[in-house]
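Chemist: pasting the sequence and the predicted model now:
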Amino acid sequence: MISIQQAISIVKENTNPLNTSEKKHINNCLGFTLAEDVFSSINMPPFRQSAMDGYAVKMHESNTYKIIGEVKAGDGHQPTLHSGEAVRIFTGAPVPDTANAIIIQEHVTVEKQILRANKPIALNANIRPLGEQTKEGDIALQKGIKLTPAGIGFLTSLGITEVMINKPLSIALVVTGNELAKAGESLQYGQIYESNAIMLSSALRSLGYMNVEITTVGDDYQSTYNVLQNVISNNDMVLVSGGISVGDYDFVGKALLDIGVEQLFYKVKQKPGKPLFFGKKGNAFVFALPGNPASALSCFYVYVNTALQRLSGNEHFELLKTTAKSTSSFNKRGDRAQFLKAIYNNGKVAILEGQNSSMIHTFALANALVYVPENILEINIDDTVDVILLPIN
């Protein structure tokens, strides 16, 4: 059994970008990672731009100016201002080359085309300079950046329509267990509704991984072997839910080894999620997750998400971590490190009731995990604790 830190290090050491890229229209790139630097072909803004509604002036010693015209957003004309002259101007409009400041409309009095400045005017005030955001030839966004709505908007503002992105990973999700029934069906005695498939596939979709192949298999060695062999041969990442413990009907571990998957680690000194398997075969990576829902989801956020981001080329990814004052007390049993479901808000964190690995209700309320190291046995109110913010918003 290895520590959490060792397990995370092994995941990072073995997952590098797959370096398979394709050109995509910018409209279809949300959530994808840039495979190469994107250079700006223009200055942004491409002209001196007004940051406010007001008046562009050519400054002189007096505080009065003669208004000689108007420039609004989209205008292509270029009025020439002499000392003591002004033009009415609006946010986003091009600033005449001869103007050297903009005074906002709230700071002036206008009567019969004569403007009086009621406050001092600073040189270049309220003028966005040419190329303030980025200059022609500069790197607009670096390779390894994951494209967000803001990133797509920024690149589009530069006139960019296509970018090279890392191809989306092919992901398979295998759910094991004889006891599982589909939601909507009548439950027979001894059955439970299967929820891990939709839970994990939803977690994947929330991170931008939309196409996930889902397969279910009963607790039978040969069936498990056949399904795993097929999905490992045809996907970049395989997630297995359940069947990885040491019970008589847990066949996943044996099947993976018989298929030829290299075991990188098995079992982590943590709670929940101790029976976690990570391995690889060729270019395919395999996580076998515990079947208990809270265990599976904890392992997904801490380990699987890290691997997926790195394989996708998102070089700037790390789960956000912070510290907070606990508003709850907690007594830990045993010597394993723990991930506790919690609600974080404005520097404070509340540890939730119902931390059992089979309880997903608590996870449904949580937006964070409180990390409790092996050597910490209790948390008291107002103790400072380590918090992992979940990527769920």
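Modeler: Cool, got the structure. Numbering: from 1, shown residues only.
Chemist: what's the average pLDDT for the longest helix along the chain?
Modeler: For the chain, the helix that runs over the most residues, judged by DSSP state H, is helix 221-234. In this model, helix 221-234 has a mean pLDDT of 96.
Chemist: check which helices and strands that helix is in contact with.
Modeler: Packing partners of helix 221-234 (3 or more Cβ pairs under 8 Å, 6 or more residues apart in numbering; DSSP states H and E): strand 171-176, strand 212-217, strand 237-241, helix 252-259, strand 284-289. Any C-beta I mention is one placed from the backbone N, CA and C, and that applies to glycine too.
Chemist: in it, which residues are buried?
Modeler: Thr224, Tyr225, Val227, Leu228, Gln229, Val231, Ile232 (16 or more other Cβ atoms under 10 Å).
Chemist: you'd agree the fifth one is up against Val261?
Modeler: No: under the criterion of Cβ atoms under 8 Å, Gln229 lies out of contact with Val261, with a separation of 9.8 Å.
Chemist: mutual contacts of the two, please.
Modeler: Common contacts of Gln229 and Val261 (Cβ atoms under 8 Å, 6 or more residues apart in numbering): none found.
Chemist: which helix or strand lies directly C-terminal to the helix or strand of the chain with the lowest mean pLDDT?
Modeler: Sorting the helices and strands of the chain by mean pLDDT, DSSP states H and E puts strand 180-181 at the bottom, at a mean of 73. Using DSSP states H and E, the helix or strand that follows strand 180-181 towards the C-terminus is strand 192-193.
Chemist: determine the set of other helices and strands touching that following strand.
Modeler: Packed next to strand 192-193, using 3+ Cβ pairs under 8 Å, 6+ apart, are strand 180-181.
Chemist: residues touching the strand it packs on, excluding its own?
Modeler: Here strand 180-181 makes contact (Cβ under 8 Å, 6+ apart) with Leu187, Gln188, Gln191, Ile192, Tyr193, Glu194, Thr216.
Chemist: please redo it, this time with the cut-off set to 6 Å
Modeler: Leu187, Gln191, Tyr193, Glu194 (Cβ atoms under 6 Å, 6 or more residues apart in numbering).
Chemist: from Asn292, how far out is the spatially closest residue to the last one that is not a sequence neighbour?
Modeler: When you say that, I think you mean Glu194. Excluding its sequence neighbours, the residue lying closest to Glu194 (Cβ to Cβ, 6 or more residues apart in numbering) is Leu180, at 3.8 Å. Noted for Leu180: a distance of 13 Å to Asn292, by Cβ to Cβ, to the nearest Å.
Chemist: picking up where we left off before, most neighbours among the contacts of strand 180-181, which one?
Modeler: Neighbour count (other Cβ atoms under 10 Å) singles out Glu194 as the most crowded of the contacts of strand 180-181, with 21 neighbours.
Chemist: for the residue nearest to Glu194, list each beta-bridge partner.
Modeler: Counting by DSSP bridges, Leu180 is bridged to Ile192.
Chemist: so how many other residues sit close to it?
Modeler: 20.
Chemist: deepest-packed of the helices and strands packed on helix 221-234, please.
Modeler: strand 237-241 (a mean of 28; mean count of other Cβ atoms under 10 Å).
Chemist: angle of it against helix 221-234?
Modeler: Interaxial angle of strand 237-241 relative to helix 221-234 (axes from the mean of the first three to the mean of the last three Cα atoms, to 10 degrees): 150 degrees.
Chemist: distance of Val110 from Gly54?
Modeler: Val110 is 11 Å from Gly54, by Cβ to Cβ.
Chemist: now the helices: where do they sit in the chain?
Modeler: Under DSSP H, the chain gives helices at 4-14, 149-157, 196-206, 221-234, 252-259, 293-299, 305-311, 361-365.
Chemist: possible to save those as TSV with distance to Ile127?
Modeler: Shown next, in TSV, are the helices of the chain (distance: least, Cβ to Cβ, whole Å):
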stretch	distance to Ile127
helix 4-14	46
helix 149-157	19
helix 196-206	42
helix 221-234	57
helix 252-259	63
helix 293-299	51
helix 305-311	40
helix 361-365	49
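Chemist: can you tell me, leaving aside adjacent residues, what's nearest to Ser358?
Modeler: Closest residue to Ser358 in three dimensions, ignoring its sequence neighbours and counting by Cβ to Cβ, 6+ apart: Asn292, at 4.7 Å.
Chemist: what number of residues lie near the one you found?
Modeler: Using other Cβ under 10 Å: Asn292 sits among 21 other residues.
Chemist: from memory it sits against Gln355, does it?
Modeler: No: contact criterion Cβ atoms under 6 Å: Asn292 and Gln355 do not qualify, at 11.7 Å.
Chemist: tell me how far the closest residue to Leu264 other than its chain neighbours lies from Val286.
Modeler: Spatial nearest neighbour of Leu264, excluding adjacent residues (Cβ to Cβ, 6+ apart): Phe278 at 4.9 Å. Taking Cβ to Cβ as the measure, Phe278 and Val286 are separated by 7 Å.
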